[in-house]
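Enquirer: Sequence and predicted structure below; questions after.
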Amino acid sequence: AVCVLLFIMIFGPTIAGCTKIFRNYTLEKPLFIMDTFTKTFRTCFKQSCIMGIIDLVVAASVASGLYVYPQIIGMINQGEIQGSSTMYYVMFIAGLSIAIAVLLMSFYAYLMIVSTDLSMKNIFKNSLALSCIALKKNLLTLLIVVLVCGVFALLTYLFPYIMVFVLPFLPLSFVGFTIVFNCYPVIQKF
């Protein structure tokens, strides 16, 4: 329980520290990796912790919805329980839509946490606005992220012993850099 609580508390600040590093690489600014990471971890702890908790709650809700709703729909279709499956299809699609919206907002929220001095209310408002304004770029970024994750999942299936050494570093850093590289110009523009 203590390890889970610790993970929940440091999830957001860790992403914020990595986001600051990726942002500096995108802007071609010099940096000391550990110094930048620890400084950002400390200075942005409160806001990034809140955002991390929101991300984890949404991820857990989506994971449970992806598991439960298809089973309920299957039970209704087989006649095991009474009811209409239409309502559960709507709830399933609404849950996925909210998850995608929160994911696209997260692309911008962590960048604004490490780049600006805004309140959490304004970070949420601006990240929602930016995720809608640059929807085409956001969907392209999301597609790239999904493709990279798919390729690494396939490589892990084909070469499990080699990928043990690659997985902790390459996919997450490539995905993080891709997100920051595509989304930070939108923040600069608007």
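Expert: Thanks, I have it. Just so you know, these numbers come straight off a predicted model, no measurement behind them. Residues are numbered from 1 along each chain as shown.
Enquirer: Do a quick rundown of the strands in the protein.
Expert: Remark: no strands are assigned in the chain by DSSP state E.
Enquirer: Relative to the centre of it, find the outermost residue for me.
Expert: Computed with CA atoms, centre = their mean, the residue of the chain farthest from its C-alpha average is residue 79, at 37.6 Å.
Enquirer: Got the phi and psi for it?
Expert: phi 80, psi 10 (degrees, to the nearest 10).
Enquirer: how near is residue 177 to residue 55?
Expert: The spacing between residue 177 and residue 55, counted by CB to CB, to the nearest Å, is 19 Å. Every C-beta, even on glycine, is put in place using the N, C-alpha and C of the backbone.
Enquirer: again with residue 179
Expert: In terms of CB to CB, residue 179 sits 13 Å off from residue 55.
Enquirer: tell me the mean pLDDT over the longest helix anywhere in the chain?
Expert: The longest helix of the chain (DSSP state H) is helix 45-77. Averaging pLDDT along helix 45-77 yields 92.
Enquirer: got it, and stretch 83-97?
Expert: Averaged across stretch 83-97, the pLDDT comes to 87.
Enquirer: List the buried residues for it?
Expert: When burial is assessed from 16 or more other CB atoms under 10 Å, stretch 83-97 yields the following buried residues: 88, 92, 95.
Enquirer: Reformat the residues you listed into JSON lines and put distance to residue 9 next to each item.
Expert: What follows is the buried residues of stretch 83-97, written out as JSON lines (distance: CB to CB, whole Å):
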{"residue": "88", "distance to residue 9": "34"}
{"residue": "92", "distance to residue 9": "31"}
{"residue": "95", "distance to residue 9": "26"}
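Enquirer: Which of those residues fall in helices?
Expert: If you go by DSSP H, the buried residues of stretch 83-97 have 88, 92, 95 in helices.
Enquirer: can I assume the second one is in contact with residue 70?
Expert: Yes: with contacts defined as CB atoms under 8 Å, residue 92 counts as touching residue 70 at a distance of 7.4 Å.
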